[in-house]
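Peer 1: this one's sequence-less:
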C-alpha cells in the first residue's frame, strides 16, 4: 500500500471509529454528520468523500465492530485454554461487546438493512459457527459436556441465554440474580460446574 492509499485508509478508519463512539453514546438519530466530522477531525466534504450518507456510515461502523468481535472470538477459540475457560471468555466478550457498542446503536433501523443482515449471516456461518461446533466437540472430548447431547440442541441452548442477558431486568436485579442465572446456565451445560469454579463465578 503506497503512502496516499495508506493515508486515505487511516482517514477512513478514523471516521468509522468516531462514528462508532458517538453512535454508541447517543444512538444514530441523535448524532449528525457534523458531529462525526468534528470528532474525526475532518471536514464534512471529506467525510462524504468516503461515505455517501449517515446510514451508509452506520452500516460500515457496525460491520467494522462485528469484524473486531469476530477476531476476538477466533483468538479465544484457537487458544490453549481449557474448555470452560474459553466458554467463560466468550460469554464475557458477548456482554462487554454490547456495552462497547451501546444499546442505542444496537437497536437501530440500520439492522433492518437486508444486505447488512446477509453479510452478518455469512460471516457467522463461515467463521463463527464452525469454531463454536469445534469448541462443543472439545468440551465433549474433555468430558465437560455430556457426549450424548446433540450439537444443534446445545447451540439452541446458547441462543436461549442471549435474550435473558439483553433484558433490562437482568441488570436491574443485581449481582446475586445475575450470578445465579449465569450459574444455572453453566450448570445446565457443563458437568460438575460447581466443582470447577467458585459458586460466585461469572464472566469477568
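Peer 2: Done, it's in. Quantities reported herein were computed from a predicted structural model and do not represent experimental measurements. Residues are numbered from 1 along each chain as shown.

Peer 1: Name all residues that make contact with the residue nearest to residue 154 when sequence neighbours are not counted.
Peer 2: Nearest non-adjacent residue to residue 154, counting by CB to CB, 6 or more residues apart in numbering: residue 136, 5.4 Å away. For glycine as for every other residue, the C-beta is placed from the backbone atoms N, C-alpha and C. Residues near residue 136 by CB atoms under 8 Å, 6 or more residues apart in numbering: 145, 151, 154-155.

Peer 1: where do the helices sit along the chain?
Peer 2: 3-26, 33-40, 44-50, 54-77, 83-101, 103-106, 114-123, 129-141, 151-166, 168-172, 175-189, 193-196 (DSSP state H).

Peer 1: Mean pLDDT added to those, as a markdown table?
Peer 2: Listed next are the helices of the chain as a markdown table, based on pLDDT from 0 to 100:
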| stretch | mean pLDDT |
| --- | --- |
| helix 3-26 | 89 |
| helix 33-40 | 95 |
| helix 44-50 | 93 |
| helix 54-77 | 86 |
| helix 83-101 | 72 |
| helix 103-106 | 64 |
| helix 114-123 | 79 |
| helix 129-141 | 90 |
| helix 151-166 | 85 |
| helix 168-172 | 72 |
| helix 175-189 | 84 |
| helix 193-196 | 78 |
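
Peer 1: re earlier: quick check on the contacts of residue 136: which are buried?
Peer 2: Among the contacts of residue 136, those buried by neighbour count (16 or more other CB atoms under 10 Å) are 145, 154.

Peer 1: Need the contacts of residue 136 in TSV (columns: distance to residue 74).
Peer 2: Output for those, formatted as TSV (distance: CB to CB, whole Å):
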residue	distance to residue 74
145	21
151	19
154	20
155	18
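
Peer 1: ok, of the contacts of residue 136, which one's closest to residue 41?
Peer 2: Residue 41 lies nearest to residue 155 out of the contacts of residue 136, by CB to CB, at 43.7 Å.

Peer 1: and the closest residue to that closest one other than its chain neighbours, how many residues sit next to it?
Peer 2: Once flanking residues are discounted, residue 155 sits nearest to residue 132: 7.0 Å by CB to CB, 6+ apart. Residue 132 has 18 neighbours, counted by other CB atoms under 10 Å.
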